[in-house]
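Student: what follows is a predicted protein model with its sequence.
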2 protein chains.
Amino acid sequence: MQKDNQFVKEIADMKTDFPQWYTDVILKTELVDYGPVKGTMVIRPYGYEIWEHIQEELNRRFKATGHKNAYFPMFIPLSYLMKEAEHVEGFAPEVALVTHVGNTELEEKLVVRPTSETIICDMYAKWVQSYRDLPMLINQWANVVRWEKTTRPFLRTSEFLWQEGHTLHTTEEEARGEALKMLEVYREFMQNVLAMDVLTGIKTDKEKFAGAVETYSMEAMMLDGKSLQSGTTHYLGKNFASAFEIKYLDRDGQLKNPYQTSWGVSTRLIGALIMAHGDQRGLKLPPRVAPVQVVIIPIASHKEGVVEKSYEVADTLKKAGLRVEVDNRDQSAGWKFNEWEMKGAPLRLEIGPRDIENGVAMYSRRDTHEKGSIPLGDVATAVPALLDEIHENMYEQSKKFLHGNVDVCKNMDEFRTALDNQHFVKTMWCGCRECEDAIKAETAASARVMPFDQTPVGDKCVYCGKPATKVVYFAKSY
Amino acid sequence: MQKDNQFVKEIADMKTDFPQWYTDVILKTELVDYGPVKGTMVIRPYGYEIWEHIQEELNRRFKATGHKNAYFPMFIPLSYLMKEAEHVEGFAPEVALVTHVGNTELEEKLVVRPTSETIICDMYAKWVQSYRDLPMLINQWANVVRWEKTTRPFLRTSEFLWQEGHTLHTTEEEARGEALKMLEVYREFMQNVLAMDVLTGIKTDKEKFAGAVETYSMEAMMLDGKSLQSGTTHYLGKNFASAFEIKYLDRDGQLKNPYQTSWGVSTRLIGALIMAHGDQRGLKLPPRVAPVQVVIIPIASHKEGVVEKSYEVADTLKKAGLRVEVDNRDQSAGWKFNEWEMKGAPLRLEIGPRDIENGVAMYSRRDTHEKGSIPLGDVATAVPALLDEIHENMYEQSKKFLHGNVDVCKNMDEFRTALDNQHFVKTMWCGCRECEDAIKAETAASARVMPFDQTPVGDKCVYCGKPATKVVYFAKSY
């Protein structure tokens, strides 16, 4: 009977129309709305609170690894963008330009930051004098603008929110180590906060960041078998440092350019967790970022003591550090069950007159739909334990899904079949750009990442058949 | 001897050149730097962490009063700004305009938000259908852009960070109540977090927000006797709601425009606390927002156990929830004392071999320069208590300074003398715009606020001598 409720009906079938399922879910759960300017989004309170928890969790990790937050201006002189050749080529076509203030034309056009390497390097050139000023370990939380032709809320929008770390180091080893360390911080965050498993590794030259020597990436598998680049860290070498003349006096009395990194994740992560965990009923939020971790629904709420007991249990859970809401609206219990399943609350508690008599609350898990009862005296310990269990189960599901949907392919027939089955392809590649381009042109799949574990799965390039040099994951992607 | 140290020498004399004192302090303590585009600022880590603590404290208060955070796009179609007549007149000359993306001209020019009433109203018009959707209580943390001719870091910059609350209500009474409630939230925050006393009241029509029916403000007195508008809340009536056609179906079946408020504080608060608390040695940071609340300086740190004990005490204090730094750099203790006084750390602890023998740490308060000793076993309780004492003392100083520097003036001679003495003027006004304009033209002082307590201090207008209707505070201002 519950399957026929209005919400399920209103959400498109995820098996046959995944993009529409996504759009239905994000709009109906009020995570987001479209802004008036094409390609922009409004992050509504229910979506923004997920972002706030992502920020808290990442900030703790960034600070624990020695980084401090700062804020750099959003407007960058156009000439700055021009200083690093690959960088300008990558970003110039999609930058928004401020040309006027009121009716007055500006002397130099200003770029609304698409990323902040250039302006941050300009400041670092002022701040860094000596090896004592290094490493420089700064992160920024900010809005950035990249004008995209095809947009979708959270996944690709003209303006989005992100964090960007920018660091300077005295040695290449330390800088590469930083880029790898932050990739691991991201991966561990995906596992322990968003309950998602990811593939990590190195981007091909074609896919790397405009201006980087090397880009490390984590790629997540969405439920439709597409890959979502969820976070990247870049080893920039001295590319920007020399273009912006950042120099420090080393212990040996020589002036040197430092080695640099940058790394970022964005509001795209909200899209990632929706498309990795959701189901036909709607959102399935990972407990550690869910705005409402536990929803309490009073049953037969007109009966004496039911509402009071519901709020009493809510208070107990809040004191235990949980995010709890009592849904005491004038609607049927069934309506509320459906609404909160759609909104993805990880755990539902029901409290009715008989439960109070029995000294228990009934629970229902969003991840497994498993139901049971918890003695009211135990909620402060049993509910957090249940939420941890839900988290672990969601992570295990994600891991199983990812690794169960990768096909090792020896040739292009297998490659195409894998894609048709909505799987990732793990294969061998000769390393040349021509094969990579041809694969993308013919299959729409791109090289997602070259895994750190390069144990060969063959010896010939899947495309040209020449000797292979690299293990690569290919997939269609967002 | 300490008075002759390098830092004191490098900071301009605050008595004779307050603006230069301010500039010296903010740059030398690395709170901020100038951005490459005129009028922009870079908020460096030491300054940004103050902002982070301001955000945490305000977020807690906003959420406790029922508000949720959201994020709206930064780009607003130019036509939106035009919909509310006073609003466009106030903001159009100073808005930054995006006209191009890459080489392509946009069909409609986009305004970089100077404030978000217009775009938020556009969304509220979509979201609000029924009285059940009200009140709408949303806050946004964001960057905004207002192109100003004269700029100074934190106080007035082309781009700054702020929060803006935007609420809708079914009745005028409730909306006015919201604007007054949020003013009180701000005032209480100033007292209990920034340790500052402020004057609160209503702005004159001349000084109110472009588009408001009424603006409430809090004004702080800087050490040079100028006023700094530190936060405002606006009762907007139906001005924007009718321009943007926000309508809800009321219980009586009628479609109605809701009543609206908006309210904001910005990174200007960092400027406020610097100019309200500082002294000739530099910053004097209120403990509840200081990035380093306690600095521990090992004395004779080459002696066995000194550094270890310093870190041990730091750990104890961190576990007590404090922000602590051990300054173990290769510099003299005297150099460190001066540096941390300049940087405004509220409390310094010194730990040397003799202190360890005696089982104590020596302390020195930044606010009073009072020194003493704390048994090492007591630091976890004694140090938080001392920080509270420092906070209370700083607030009492601020209160004394504000109320000790207001002159009640009966005529323009007294008015001018008060300004010459760097005091605020409390006086009577007839309520007409001509007198207000003339006073500003002749004295450079503006009407800061009409206090809620309108107990008369005379019966004639200080300027024209006609019957007075209002008690007003006038002052020069930032």
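Tutor: Arrived safely, thanks for sending.
Student: quick one: the strands in the stretch 251-400 of chain A?
Tutor: A:255-256, A:259-266, A:294-298, A:324-326, A:347-351, A:360-365, A:371-375 (DSSP state E, counting those that start in this stretch).
Student: need those strands in TSV (columns: mean neighbour count and distance to B:Thr167).
Tutor: Just so you know, the C-beta spots here come from the backbone N, C-alpha and C atoms, and that holds for glycine as well. Below are those laid out as TSV (neighbours: other CB atoms under 10 Å in any protein chain shown; distance: least, CB to CB, whole Å):
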stretch	mean neighbour count	distance to B:Thr167
strand A:255-256	12	55
strand A:259-266	26	29
strand A:294-298	26	25
strand A:324-326	19	21
strand A:347-351	25	30
strand A:360-365	20	35
strand A:371-375	14	38
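Student: out of those, the one nearest B:His403 is which?
Tutor: The closest of the strands of the stretch 251-400 of chain A to B:His403 is strand A:324-326. By CB to CB, the value is 44.5 Å.
Student: what about the helices in the stretch 301-450 of chain A?
Tutor: A:306-319, A:333-342, A:353-358, A:379-404, A:412-420, A:433-443 (DSSP state H, counting those that start in this stretch).
Student: can I get the fifth one as CSV, trimmed to CA atoms?
Tutor: Listed next in CSV are the C-alpha coordinates belonging to helix A:412-420 (Å, rounded to 0.1, in the frame of the first residue of the first chain):
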residue,chain,number,x,y,z
MET,A,412,36.6,-2.4,-27.5
ASP,A,413,33.7,-4.9,-27.8
GLU,A,414,34.0,-5.7,-24.1
PHE,A,415,34.5,-2.0,-23.5
ARG,A,416,31.2,-1.1,-25.2
THR,A,417,29.3,-4.0,-23.6
ALA,A,418,30.5,-2.8,-20.2
LEU,A,419,29.3,0.7,-20.8
ASP,A,420,25.9,-0.6,-22.1
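Student: give me the residues contacting it.
Tutor: If you take CB atoms under 8 Å, 6 or more residues apart in numbering or on different chains as the criterion, helix A:412-420 is touched by A:225, A:407, A:409, A:424-425, A:427, A:439, A:442-445, A:462-463, A:474-476.
Student: among those, which pair sits farthest apart?
Tutor: Farthest pair in these, by CB to CB: A:Gly225 and A:Tyr463, 20.6 Å.
Student: who's more crowded, the two?
Tutor: Neighbour tally, A:Gly225 and A:Tyr463, criterion other CB atoms under 10 Å in any protein chain shown: the higher count belongs to A:Tyr463, 23 against 18.
Student: quick one, what contacts that one?
Tutor: A:Met412, A:Trp429, A:Cys430, A:Cys435, A:Ala438, A:Ile439.
Student: format those as a markdown table; extra columns: distance to B:Glu325, pLDDT and neighbour count.
Tutor: Formatted as a markdown table, these follow (distance: CB to CB, whole Å; pLDDT from 0 to 100; neighbours: other CB atoms under 10 Å in any protein chain shown):
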| residue | distance to B:Glu325 | pLDDT | neighbour count |
| --- | --- | --- | --- |
| A:Met412 | 59 | 98 | 17 |
| A:Trp429 | 50 | 98 | 24 |
| A:Cys430 | 53 | 97 | 18 |
| A:Cys435 | 54 | 98 | 19 |
| A:Ala438 | 56 | 98 | 14 |
| A:Ile439 | 53 | 98 | 23 |
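Student: was I right about A:Trp340 contacting A:Arg348?
Tutor: Yes. If you go by CB atoms under 8 Å, A:Trp340 and A:Arg348 touch, sitting 5.9 Å apart.
Student: who touches both of the two?
Tutor: Joint contacts of A:Trp340 and A:Arg348 (CB under 8 Å, 6+ apart) are A:Val295, A:Ile297.
Student: next, count neighbours for A:Lys470.
Tutor: Neighbour tally, A:Lys470, other CB under 10 Å: 18.
Student: who is it paired with across the strands?
Tutor: A:Trp429 (DSSP bridges).
Student: before we move on, what SS does A:Leu228 have?
Tutor: Three-state assignment for A:Leu228 (DSSP: H, G, I helix; E, B strand; the rest coil): strand.
Student: contacts only, for it.
Tutor: Counting by CB under 8 Å, 6+ apart, A:Leu228 has contacts A:Leu155, A:Glu219, A:Ala220, A:Met221, A:Met222, A:Arg268, A:Gly271, A:Ala272, A:Met275, A:Ser477, A:Tyr478.
Student: grab the nearest non-local neighbour of the fifth one.
Tutor: Spelled out, it's A:Met222. Nearest non-adjacent residue to A:Met222, counting by CB to CB, 6 or more residues apart in numbering or on different chains: A:Met275, 4.0 Å away.
Student: again, but for the first one
Tutor: With CB to CB, 6+ apart as the measure, A:Gly271 is the residue that lies nearest to A:Leu155, at 4.3 Å, once sequence neighbours are left out.
Student: how close does that neighbour get to chain B?
Tutor: 15 Å (CB to the nearest CB, to the nearest Å).
Student: residues near that residue, how many?
Tutor: A:Gly271: 24 neighbours (other CB under 10 Å).
Student: do you know the pLDDT at it?
Tutor: On the pLDDT scale, A:Gly271 is placed at 98.
Student: so who does the one residue sitting closest to the centre of chain A touch?
Tutor: With distances taken as CA atoms, centre = their mean, chain A has A:Leu269 as the residue nearest its mean C-alpha position (2.1 Å). By CB under 8 Å, 6+ apart, the residues touching A:Leu269 are A:Ile54, A:Leu194, A:Ser230, A:Gly231.
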